[in-house]
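**Student:** got a structure for you, letters missing:
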């Protein structure tokens with residue numbers, strides 16, 4: 001069993017980013033599991049794992065991770081937007097709408113504004 005150090009966790013986090021970019025979200029989740037086990041307070045690692053869950057269509061785990069991120073960072077517009085996309089994929093449009101609107105209110109990026117559909 002390899003010995004894990006803070007440097008190892010940074011390397012695993014960066015490797016997980018690359019795996020997610022290379023469309024291997026399950027590989028990213030595996031690497032992030034050890035990082036989060038050692039550093040459960042690390043919001044960046046949890047957000048990356050939520051994205052990996054979403055990319056691998058593990059929507060309930062993605063939802064739980066995005067919600068945990070938002071408990072810690074309620075003003076994280078990206079987490080609201082990603083949670084909204086998760087709800088959208090799960091067929092929960094009202095929950096999605098709420099988080100799309102929160103994302104747009106926190107950060108008026110065109111992508112967030114379009115998804116928020118304020119005119120409706």
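**Tutor:** Sure thing, it's come through. A quick note: this is a predicted structure, and the numbers were derived from the prediction, not measured. Numbering: from 1, shown residues only.

**Student:** switch to C-alpha atoms for all contacts and neighbour counts from now on
**Tutor:** Fine.

**Student:** mind listing the helices for the protein?
**Tutor:** 6-21, 25-38, 43-55, 59-72, 77-89, 93-106, 110-116 (DSSP state H).

**Student:** how big is the angle separating the longest one from helix 25-38?
**Tutor:** On the basis of axes from the mean of the first three to the mean of the last three Cα atoms, to 10 degrees, helix 6-21 is oriented at 150 degrees to helix 25-38.

**Student:** Just want the angle from helix 6-21 to helix 43-55.
**Tutor:** Relative orientation of helix 6-21 and helix 43-55, computed by the same axes, to 10 degrees: 30 degrees.

**Student:** what's the answer for the fifth one, then?
**Tutor:** With the same axes, to 10 degrees defining the directions, helix 77-89 sits at 20 degrees from helix 43-55.

**Student:** what's helix 77-89 in contact with?
**Tutor:** Contact with helix 77-89 is made by 47, 51, 54, 59, 62-63, 66-67, 69-70, 93, 95-100, 102-104, 106-107, 112, as judged by Cα atoms under 8 Å, 6 or more residues apart in numbering.

**Student:** ok so, going back, now render the helices of the chain as TSV, adding mean neighbour count and mean pLDDT.
**Tutor:** TSV is the format used below for the helices of the chain (neighbours: other Cα atoms under 10 Å; pLDDT from 0 to 100):
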stretch	mean neighbour count	mean pLDDT
helix 6-21	17	94
helix 25-38	19	96
helix 43-55	23	98
helix 59-72	19	98
helix 77-89	23	98
helix 93-106	20	97
helix 110-116	17	96
